[in-house]
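Novice: have a look at this prediction, sequence included:
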Amino acid sequence: MRKGFIPIVIGIIFMLTGCGPLQTVSLDGSQSAKTKSINVTMDVKPVISNGKVQCNITTNLPEKARLNVILDDGQLNQVNSSSVSVVKGRAMTTFSSVKPGDYTIDVETDIAQPSSVTSLIGDSGQNLVGRSIETDKRTNGKRVFVEKQITIGTHQQIEAQLKKEAEIKAKAAAEAEAKAKAQAEAEAKAKAQAAAKAKALAKTRGVRIGMTEQQVLDSMWGKPEEVNRTISQYGTDEQWVYGGNNYLYFENGILTSIQN
């Protein structure tokens, strides 16, 4: 009885010690995969030459992670931007024709990422940790954000650029002021001419030189009390007589003189 009992006990022990740890390892592995975080590192090194800014980025973000690189003037005025993808831990973009001055380079993870990236960083970046991680106000998720201050050109070049820009602004303002002044003068002249014309028409009771006889008949003058007509080799001259010593003179049917 004792000899048969010992092998059975040993077999049970082997079964327990063989199966138990395998289940524990499998469970621990799945839990660690779900909670694995990425302590993000990112280094931005700008290379400046002849008005060009080359942004060299080194990071441990997953392959094909999308980054937005923004160059602004330090006053939230965007000068240029570019979208790049991480390839073997690196990304690079170049901005050209950048004027002398102080600038800020902002590097951030794009909202839209490939599925191969979101499977590692999380749909909303929840697996990202580190000093460069902040809350994205647009999505309330997490994003990588790194800022780098740079200066392009010497102090003298920056001063010259600022002076040039100030001169351009002053010239544009002067031209705009001159244009507005000329427009105001033209409008004032047009109003004065219209007023003078209206005054002249009021004085002549609505008729003016060059009117036809029919136009005069349709005006405030209306039909004359008397018409004195002279016909010569040069045409027909008429004097229309109105009350109050008012006269209109026509040559070949066109008003040429007003006497009132």
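Specialist: Perfect, I can see it now. Residues are numbered from 1 along each chain as shown.
Novice: what are the ranges of the helices in this structure?
Specialist: Using DSSP state H, the helices of the chain run over 2-35, 115-121, 155-203, 213-217.
Novice: next, the buried residues of the shortest one.
Specialist: Looking back up the chat, that one is helix 213-217. Of the residues in helix 213-217, those with enough neighbours to count as buried (16 or more other CB atoms under 10 Å) are 213, 216. To be clear about C-beta, it is placed using only N, CA and C from the backbone, and glycine gets the same treatment.
Novice: spatially central residue in the protein, please.
Specialist: Gln78 (9.7 Å; CA atoms, centre = their mean).
Novice: please name the bridge partners of it.
Specialist: The residues listed as beta-bridge partners of Gln78 by DSSP bridges are Asp72.
Novice: list the contacts for it?
Specialist: Taking CB atoms under 8 Å, 6 or more residues apart in numbering as the definition of contact, the neighbours of Gln78 are 70-72.
Novice: narrow the residues you listed to those that are buried.
Specialist: Buried members of these, scored by 16+ other CB under 10 Å, are 70-71.
Novice: distance of Met42 from Gly130?
Specialist: As defined by CB to CB, to the nearest Å, Met42 lies at a distance of 8 Å from Gly130.
Novice: neighbour-wise, which of the two wins?
Specialist: Each of Met42 and Gly130 has its neighbours counted (other CB atoms under 10 Å); Met42 has more, 20 against 14.
Novice: contacting residues for the residue nearest to that one when sequence neighbours are not counted?
Specialist: Spatial nearest neighbour of Met42, excluding adjacent residues (CB to CB, 6 or more residues apart in numbering): Thr59 at 4.3 Å. Thr59 sits next to 40-43, 65, 86, 89-91, 144 when contact means CB under 8 Å, 6+ apart.
Novice: do Ser96 as well
Specialist: Contacts for Ser96 (CB under 8 Å, 6+ apart) come out as 51-52.
Novice: i'd like the first residue to be 2 from this point on
Specialist: Fine by me, first position is 2 from now on; the one you just mentioned is Ser97.
Novice: distance of it relative to Ile39?
Specialist: Ser97 sits 33 Å away from Ile39, taking CB to CB as the criterion.
Novice: next: Lys149.
Specialist: The spacing between Lys149 and Ile39, counted by CB to CB, is 21 Å.
Novice: pLDDT below threshold where in the stretch 102-251 of the chain?
Specialist: Across the stretch 102-251 of the chain, the stretches falling below the confidence threshold (pLDDT under 70) are 156, 198-199, 201-204.
Novice: kindly state the beta-bridge partners for the residue nearest to Pro225 when sequence neighbours are not counted.
Specialist: Using CB to CB, 6+ apart and skipping the chain neighbours, the partner closest in space to Pro225 is Trp241 (3.7 Å). Judged by DSSP bridges, the bridge partners of Trp241 are Val228, Leu249.
Novice: Trp241 - how many residues pack around it?
Specialist: Look at Trp241: counted by other CB under 10 Å, it has 21 neighbours.
Novice: now Met212
Specialist: Met212: 22 surrounding residues under other CB under 10 Å.
Novice: isn't it right up against Ile255?
Specialist: Yes. Counting by CB atoms under 8 Å, Met212 touches Ile255, with 7.5 Å between them.
Novice: need the contact list for Pro225.
Specialist: Under the criterion of CB under 8 Å, 6+ apart, the neighbours of Pro225 are 241-243, 249.
Novice: re earlier: lowest pLDDT pick from the contacts of Gln79?
Specialist: In terms of pLDDT, Asp73 ranks lowest among the contacts of Gln79, with 91.
Novice: wait, that one touches Gly102, no?
Specialist: No. At 10.9 Å, Asp73 does not count as touching Gly102 under the criterion of CB under 8 Å.
Novice: break the chain into its domains for me.
Specialist: With automatic domain parsing serving as the domain definition, the record reports that the chain contains domains spanning 39-158, 203-260.
Novice: among these, which is the most enclosed?
Specialist: When you average the neighbours per residue for each of the domains of the chain (mean count of other CB atoms under 10 Å), domain 39-158 leads with a mean of 15.
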